[in-house]
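*Asks:* everything below, folded, please.
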Amino acid sequence: MTVNVAQGLVAPTAYAAPNGKGGRRFRPAVWLAALFLVLVLAWAVVPGAFTSESPFDTDVEAAIQAPSLQHWFGTDASGRDIYTRVVFGARSSLLIGTGATALALVAAIAFGFAAGLGGRLTDGAISRFLEVVLALPGLLLALIFIAMLGPGVATEIVAVALGSAAGYAWMVRGQVIAVRNSAYVHAATALGHSRSRIIVRHVFPNAMRPLVVLATMGVGQSIVWASSLSFLGLGVAPPAPEWGAMLDAGRDFVSTAWWLELFPGLAIVGCTLAVTVLGRHLQQRIEGRLT
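*Replies:* As a prediction, this is how the structure comes out:
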């Protein structure tokens, strides 16, 4: 019996090398995605290293100019350099995307673990609440929240987090219940391990593993949602550089100045695709270790 219990305590992951020599293969898409995200992160941290202009400088005489050697991405209706505004806009977009995802994860872990580890009454109450929230579109919840409190970066972060937290929490709850009922947790209980030790050493790390993948791809969703809110005039207020706000400012010129929509749109799509590719790669790595 002792041998069987000890075997039950072995971690549930059997680490096997993925396909390829040593478990490593060159994946161009993954490397391109990583390089693009590093570039965008550098834009956000040190934008001055990539452009010497200010995103607020105006030049009426240079208004609505097509891309050229002087203005790589063209200019807007106020003569502001689009390339400079895209570079500086990375800070707001990444701040909202990562901040909203982090806040949503904190709320999801709190609600998910409370439901998964709580009693039937606690689980039932939290589950019904999450079902009600999940019945509403996440972006609609964000719109309602911002409409009530007004636009702004902090409000936008909370609004986007509110729209995505319920989905994360539901997944955490399911993972916690699955791990709680697993054989190795029952074995640890039989050996007399404390509840807190079981949660820290077994439940928490195994329940969080899939959430890491989902959160990675959730950053892209948060950036898209934040840009959508700014496009609707409920996000970062102009003339602050933010990709969604730039799309909003350029929509009246879409038929005559295509570059006003193209380059901010490419930045949003590029970030979304990059984090999705990295998230999928991370998921494959984790699943490869579980086989």
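
*Asks:* need the per-residue pLDDT for the residue most central in space within the chain.
*Replies:* Central residue of the chain (Cα atoms, centre = their mean): Val219, 1.3 Å from the mean position. Note on Val219: pLDDT of 90.

*Asks:* which helix or strand contains it?
*Replies:* Using DSSP states H and E, the element containing Val219 is helix 204-231.

*Asks:* elements contacting that helix?
*Replies:* Using 3 or more Cβ pairs under 8 Å, 6 or more residues apart in numbering; DSSP states H and E as the contact test, the elements touching helix 204-231 are helix 82-117, helix 138-149, helix 153-180, helix 243-250, helix 259-290. Heads up, the C-betas are built off the backbone N, CA and C, glycines and all.

*Asks:* of those, which stretch is the most buried?
*Replies:* Mean neighbour count (mean count of other Cβ atoms under 10 Å) peaks for helix 243-250 among the helices and strands packed on helix 204-231, with a mean of 26.

*Asks:* quick one: contacts of that helix?
*Replies:* 76-77, 82, 85-86, 89-90, 92-93, 223, 226-233, 235-238, 257, 260-261, 264-265, 267-268 (Cβ atoms under 8 Å, 6 or more residues apart in numbering).

*Asks:* please apply the same query to stretch 103-123.
*Replies:* By Cβ under 8 Å, 6+ apart, stretch 103-123 touches 126-127, 130, 157-158, 160-162, 164-177, 180, 199, 203-204, 207-208, 211, 215, 218, 222.

*Asks:* output it as PDB, restricted to C-alpha atoms.
*Replies:* What follows is stretch 103-123, C-alpha atoms only, in PDB (Å, rounded to 0.1, in the frame of the first residue of the first chain):
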ATOM      1  CA  LEU A 103      -6.300  42.200 -13.400                       C
ATOM      2  CA  ALA A 104      -8.600  39.700 -15.000                       C
ATOM      3  CA  LEU A 105      -6.300  36.900 -13.900                       C
ATOM      4  CA  VAL A 106      -6.200  38.100 -10.300                       C
ATOM      5  CA  ALA A 107     -10.000  38.200 -10.200                       C
ATOM      6  CA  ALA A 108     -10.300  34.800 -11.900                       C
ATOM      7  CA  ILE A 109      -7.900  33.100  -9.500                       C
ATOM      8  CA  ALA A 110      -9.800  34.500  -6.500                       C
ATOM      9  CA  PHE A 111     -13.300  33.500  -7.800                       C
ATOM     10  CA  GLY A 112     -12.100  30.200  -9.400                       C
ATOM     11  CA  PHE A 113     -10.300  28.900  -6.400                       C
ATOM     12  CA  ALA A 114     -13.100  30.000  -4.000                       C
ATOM     13  CA  ALA A 115     -15.600  28.100  -6.100                       C
ATOM     14  CA  GLY A 116     -13.400  25.000  -6.700                       C
ATOM     15  CA  LEU A 117     -12.200  24.600  -3.100                       C
ATOM     16  CA  GLY A 118     -15.300  25.900  -1.400                       C
ATOM     17  CA  GLY A 119     -18.300  24.000  -0.300                       C
ATOM     18  CA  ARG A 120     -21.400  23.300  -2.400                       C
ATOM     19  CA  LEU A 121     -23.100  26.500  -1.300                       C
ATOM     20  CA  THR A 122     -20.100  28.700  -2.200                       C
ATOM     21  CA  ASP A 123     -19.500  26.900  -5.500                       C
END
